[in-house]
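Engineer: Predicted model, plus sequence, below.
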Amino acid sequence: MPRRLRVHLTGGFYHVTLRGNHQRAIFFTDSDRHLLNVIVARALANFDARLHAYCWMTNHLHLLMQVSIKPLANPMRDIAAGYARAIQLKLQTTGHFFERRYHATLVDADAYLLELIRYIHMNPVRAGLVADVSLYPWSSHHAYVGARNEPWVTTEFGLGMFSADRTRAISAYRVFVGSAADTEWAGSMSSNGGDEAVLGDKEFVARLRNDASSPVVRQSLTELISEACRRFQVEPDHLKSSIRDPYLTKVRAWIAHQASERHVATLAAVARTLGRNEATLRYAIRAYPSEIE
């Protein structure tokens, strides 16, 4: 039976797992993990993708990746093939290094992003490898708490969901991870008709199906911004400027919220158009709920 096509969502968040063939180890020295870091960073840059969390376990990988217009298969192909070739050359072996294809779950970031970041970072603790998340060196937890500089990992988005102030956000993240309970995702997942599961509620799955099948010509982002300017009596240039004004922040939050509700554009697209940070926009939506209806 031929494989079904994976569903691509521009700006979508995917929890990806990739396992060694027959559950075998995929790392043999610390330098192997450092090599993977380099390969992942290169793939992210090549395909304009973002990595919001990772954990390199002994025989499998966890990644929380956000894609752009290029499908997830592109960076994952480069990561899997590049690492497998390098290790097989080192070990002088051949054959399948990874087990089949990677598994991907399309994630409703608004509802599950922080839980999933915590889930990924807590993997070594659940596996009994360490007693505390801070003791395992091969995850992005250290980038989130500011203990390690990994520019290829995007922490601003996740931390921005705690607070716009980075120091406060890191403190809140530490508390959040420290209060972790063992999470079971299976009950929250649904099928979207492709290879991936979907981590989201029925409304999220329905929205995905509508986006994939609807022939309706939707309002453009430019038109939505023009509507906001008329409604709130502001100038488009002011929305895109560096002016720090609470009223403009509320208008930007309204645009971002409506873009999602009307399926006009992703938050990433709104952020690029307005010259803002995704995390800042998401925080504004949460901070001004009564202003964005």
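Structural biologist: Yep, it's here.
Engineer: which residues of the stretch 101-250 of the chain fall in strands?
Structural biologist: If DSSP state E, counting those that start in this stretch is used as the criterion, the strands of the stretch 101-250 of the chain fall at 103-107, 189-191, 197-199.
Engineer: okay if I get the ones you listed as TSV plus mean pLDDT?
Structural biologist: Converted to TSV, the strands of the stretch 101-250 of the chain look like this (pLDDT from 0 to 100):
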stretch	mean pLDDT
strand 103-107	90
strand 189-191	43
strand 197-199	79
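Engineer: And what about residue 255, helix, strand or coil?
Structural biologist: In terms of secondary structure, residue 255 is helix; the call rests on DSSP: H, G, I helix; E, B strand; the rest coil.
Engineer: show me what contacts it?
Structural biologist: Contact analysis of residue 255 by CB atoms under 8 Å, 6 or more residues apart in numbering lists 224-225, 228, 239, 270, 274. Just so you know, the C-beta spots here come from the backbone N, C-alpha and C atoms, and that holds for glycine as well.
Engineer: Among the residues you listed, which lie within helices?
Structural biologist: Secondary-structure check on the contacts of residue 255 using DSSP state H: residues within helices are 224-225, 228, 239, 270, 274.
Engineer: My guess is residue 107 contacts residue 11. True?
Structural biologist: No: under the criterion of CB atoms under 8 Å, residue 107 makes no contact with residue 11, lying 11.8 Å away.
Engineer: ok, those two, which is more surrounded?
Structural biologist: Using other CB atoms under 10 Å, the more surrounded residue of residue 107 and residue 11 is residue 107, with 27 against 18.
Engineer: where in the stretch 101-250 of the chain is pLDDT low?
Structural biologist: 180-196, 206-219 (pLDDT under 70).
Engineer: how about a cut-off of 80?
Structural biologist: Scanning the stretch 101-250 of the chain with the threshold set as pLDDT under 80 gives 180-197, 199-220, 243.
Engineer: can you map out the helices along it?
Structural biologist: Along the stretch 101-250 of the chain, the segments classed as helices by DSSP state H, counting those that start in this stretch run 109-121, 123-126, 141-144, 156-160, 166-178, 202-213, 221-232, 236-239, 246-261.
Engineer: Present these as TSV; the columns should include distance to residue 88.
Structural biologist: Conversion of those to TSV gives the following (distance: least, CB to CB, whole Å):
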stretch	distance to residue 88
helix 109-121	27
helix 123-126	25
helix 141-144	29
helix 156-160	34
helix 166-178	36
helix 202-213	37
helix 221-232	46
helix 236-239	52
helix 246-261	44
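Engineer: domains of this structure?
Structural biologist: Here the domain assignment for the chain is 13-199, 216-291, based on automatic domain parsing.
Engineer: Check this structure for its longest helix and report it.
Structural biologist: In the chain, ranked by residue count with DSSP H as the criterion, the top helix is helix 73-91.
Engineer: and it, what other elements does it pack with?
Structural biologist: In this structure, helix 73-91 makes packing contacts with strand 13-19, helix 30-46, judged by 3 or more CB pairs under 8 Å, 6 or more residues apart in numbering; DSSP states H and E.
Engineer: Not counting its own residues, what contacts the last one?
Structural biologist: Counting contacts by CB under 8 Å, 6+ apart, the residues outside helix 30-46 that touch it are 26-27, 49-51, 54, 56, 61, 63, 65, 74-76, 78-79, 82-83, 86-87, 138, 150-152.
Engineer: again, only using 6 Å
Structural biologist: Among residues not part of helix 30-46, those counted as contacts by CB atoms under 6 Å, 6 or more residues apart in numbering are 27, 51, 56, 75, 78-79, 82-83, 138, 152.
Engineer: Also stretch 62-78?
Structural biologist: By CB under 6 Å, 6+ apart, the list of residues contacting stretch 62-78 reads 8, 10, 12-17, 43, 47-55, 102, 104, 116, 120.
Engineer: Stretch 133-150 now?
Structural biologist: If you take CB under 6 Å, 6+ apart as the criterion, stretch 133-150 is touched by 33, 53-56, 121-122, 124-125, 130, 153, 155, 170, 173, 177.
Engineer: Closest one of those to residue 282?
Structural biologist: Nearest to residue 282 among those is residue 155, at 13.9 Å by CB to CB.
Engineer: ok, now how distant is the closest one from residue 225?
Structural biologist: Computed as CB to CB, to the nearest Å, the residue 155 to residue 225 distance reads 29 Å.
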